[in-house]
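Undergrad: Got a predicted structure here, sequence first:
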Amino acid sequence: MGQVAALSLSRLSARCWQRLLWPGPARIPGGLAARSLSSMATSIRFSPAARSLFDEPLGIAVQGLGPRQQVTLRASLRDEAGELFEAHGRYQAADDGELDLARCPALPGGSFSGLEPMGLLWALQPRKPFWRLVKKDVQTPFRLQLEVLEGHGDPPGQLLAQAEHERLFLRDGVRRVPVREGRIRATLFLPPGNGPFPGIIDLYGTGGGLPEYRACLLANYGFAVLALAFYGYEDLPKEMKEFHLEYFEEAINYMLKHTQVKGPGVGLLGFSKGGDLCLSMASFLKGITATAVINGSVANVGAVLRYKDITIPPLGADAKRIKINKSGIADIVDVLNNPLEGPNRRSFIPLEKAECRFLFIVGQDDHNWKSEFFAVEGSKHLQAHGKEKPEIVCYPGAGHYIEPPFFPMCAASMHLLVGKPVMWGGEPKAHSEAQRDAWQQIQAFFHRHLNGKPSGTTNKL
Ligand SMILES: CCCCCCCCCCCCCC(=O)SCCNC(=O)CCNC(=O)[C@H](O)C(C)(C)COP(=O)(O)OP(=O)(O)OC[C@H]1O[C@@H](n2cnc3c(N)ncnc32)[C@H](O)[C@@H]1OP(=O)(O)O
């Protein structure tokens, strides 16, 4: 079992005992989320006070402590399945009894240490092993609970203060529009106003369903974003057997016909399996100006890909190359064949046919597959065909699931294609920093190429 999961289980007894004493955060009536139920002395200050967007930094301070008083701050939230995610930090107040996480480092012994103002969020970990924080209903917030507890004991001492803060996904005025047009099964997020807005199509990977949370967070920054399901959702194919690009072509045409989407082309944002689908869309379909891939493959994987009379077979894999790491979890990083060798080359996506700009976001500790190798070989392939060199941004210590900022890193979870939990790679702090930078890189890339705006970031390799 993953170390993190084991930690959650081993501490379960202690926490259960603590929870028996305190049945959990009291619901605060009237939405005064930031007001803390506390003794007169100690109070919690969030900035912004009551609610903020999930991908925004959150200021956290505690007032009214004793000079240099030692306290434990414990953050928690329950996802929509009711699963609990927790993190704690050990702190010492300043001489004036104030504790501001932007200025005060966390001490060793908590979920994180050092000066980490957002550590209580990015270090959240599930009690349930192999569980990942996802947001299914983006119209409701995650309710973050924060407790201030006396001392650094385990279990910690008495409750000094508690407060709740809402982490939202939809900025005021952003519209959520279910799309059931033709075969398309999607959700369109539109910024406030009439636009037209630069359009992006957002694809997740293996797992099916219709994850909307990255699309809606991106729409908060002025893009019209279509979260597109492509299997395992409503009347779409139940399994990942074969994909027809004509389905994705419908989605592109839907966006380009939309009065609030700015042409002449759209952007594509794909993660994991969604990444190679975006690369295939860019290679065979028209109307694409910019394609960003997060830990994607430059070979078609996991299912046959068809477009008109063209067929691209999925890259071969060998289950015998599945390793078991020291925690007993499957490591599939070597499972796929090399798409540069022999018959595997038939799976290599013909990127040279694309007429768009590319951005590859790479977690260098990705254990789903060799994302850096794929990005570098994709770059070589494009340049060998006289195409622009793509942007490649590599993040040391980042794993496979590079999500929007402050999503806690998922070390391992069920891989629906492999049929067992796999390790995704990454080290939590480095992974969190990668998520924050990648989010800026992706927005700058799309603003630059869909809007012609100068970007504020540099290209790192
Ligand atoms: C063997 C050797 C061969 C190997 C070949 C390898 C080739 C490699 C090539 C290919 C490589 C591809 C590379 C890649 O793409 S790697 C995978 C990349 N993953 C993604 O992009 C996420 C895609 N989307 C989803 O996962 C779903 O949409 C979610 C989960 C967001 C909701 O979707 P939906 O609303 O439909 O959810 P459900 O309630 O019906 O659950 C369905 C199942 O999902 C599991 N789940 C749900 N929630 C969580 C959670 N919070 N934590 C952990 N697990 C969770 C759970 O097992 C559940 O099953 P069950 O527990 O209910 O039974």
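TA: Alright, I've got the coordinates.

Undergrad: nearest residue to the residue positioned nearest the centre of the chain other than its sequence neighbours?
TA: In the chain, the centroid-proximal residue (Cα atoms, centre = their mean) is Glu403; its distance is 1.5 Å. Distance criterion Cβ to Cβ, 6 or more residues apart in numbering; nearest residue to Glu403, sequence neighbours excluded, is Gln435 at 6.0 Å. (C-beta placed from N, C-alpha, C; glycine too.)

Undergrad: Count residues in the vicinity of the one you found, would you?
TA: Around Gln435 there are 26 other residues, counting by other Cβ atoms under 10 Å.

Undergrad: Equivalent analysis for Leu159, please.
TA: For Leu159, the neighbour count with other Cβ under 10 Å is 18.

Undergrad: Was I right to think Ile329 contacts Gly425?
TA: No. Assessed by Cβ atoms under 8 Å, Ile329 is found out of contact with Gly425, at 11.0 Å.

Undergrad: Show me what the host helix or strand of the residue nearest to Glu403 is packed against.
TA: Assignment of secondary structure by DSSP states H and E places Gln435 within helix 428-446. Contact analysis of helix 428-446 by 3 or more Cβ pairs under 8 Å, 6 or more residues apart in numbering; DSSP states H and E lists helix 119-122, strand 261-271, strand 288-294, strand 357-363, strand 391-395 as its packing neighbours.

Undergrad: Name the residues of that helix that are buried.
TA: Buried residues in helix 428-446, counted by 16 or more other Cβ atoms under 10 Å: 428-439, 441-446.

Undergrad: between that helix and strand 288-294, how big is the angle?
TA: Helix 428-446 runs at 180 degrees relative to strand 288-294, counting by axes from the mean of the first three to the mean of the last three Cα atoms, to 10 degrees.

Undergrad: Number the chain from 621, please
TA: Fine by me, first position is 621 from now on; the one you just mentioned is helix 1048-1066.

Undergrad: List the contacts of helix 1048-1066.
TA: Helix 1048-1066 is contacted from outside by 675, 732, 736, 738, 742-743, 818, 820, 838, 841, 843, 887, 889, 910, 912, 914, 977, 979, 981, 983, 985, 1011, 1013, 1015-1019, 1022-1029, 1075-1077, 1080, using Cβ atoms under 8 Å, 6 or more residues apart in numbering.

Undergrad: one more time with 7 Å
TA: Here helix 1048-1066 makes contact (Cβ atoms under 7 Å, 6 or more residues apart in numbering) with 675, 732, 742-743, 818, 820, 841, 843, 887, 889, 910, 912, 914, 979, 981, 983, 1011, 1013, 1015-1019, 1022-1025, 1027, 1029, 1075-1077.

Undergrad: which of the buried residues of helix 1048-1066 are close to the ligand?
TA: Among these, no residue lies close to the ligand (Cβ under 6 Å from any ligand atom).

Undergrad: I would like the residues contacting stretch 789-799, please.
TA: 673-674, 755, 758-759, 806-812, 833, 836-837, 839-840, 846, 874.

Undergrad: burial of the closest residue in space to Pro687 that isn't next to it in sequence, as a residue count?
TA: In space, and not counting its chain neighbours, Pro687 is closest to Asp715: 5.0 Å by Cβ to Cβ, 6+ apart. When neighbours are counted by other Cβ under 10 Å, Asp715 registers 8.

Undergrad: on that earlier part again, state the distance from the residue nearest to Glu1023 to the ligand.
TA: Using Cβ to the nearest ligand atom, to the nearest Å, one obtains 15 Å as the distance from Gln1055 to the ligand.

Undergrad: related to what we said a few turns ago, and the ligand, which of the contacts of helix 1048-1066 reach it?
TA: Of those, not one also sits near the ligand (Cβ under 6 Å from any ligand atom).

Undergrad: hang on, the earlier thing: what about burial for the contacts of stretch 789-799, which qualify?
TA: Among the contacts of stretch 789-799, those classed as buried by 16+ other Cβ under 10 Å are 673-674, 755, 758, 806-811, 833, 836-837, 839-840, 846, 874.

Undergrad: Which ones among those residues lie within helices?
TA: Tyr833, Cys836, Leu837, Ala839, Tyr874 (DSSP state H).
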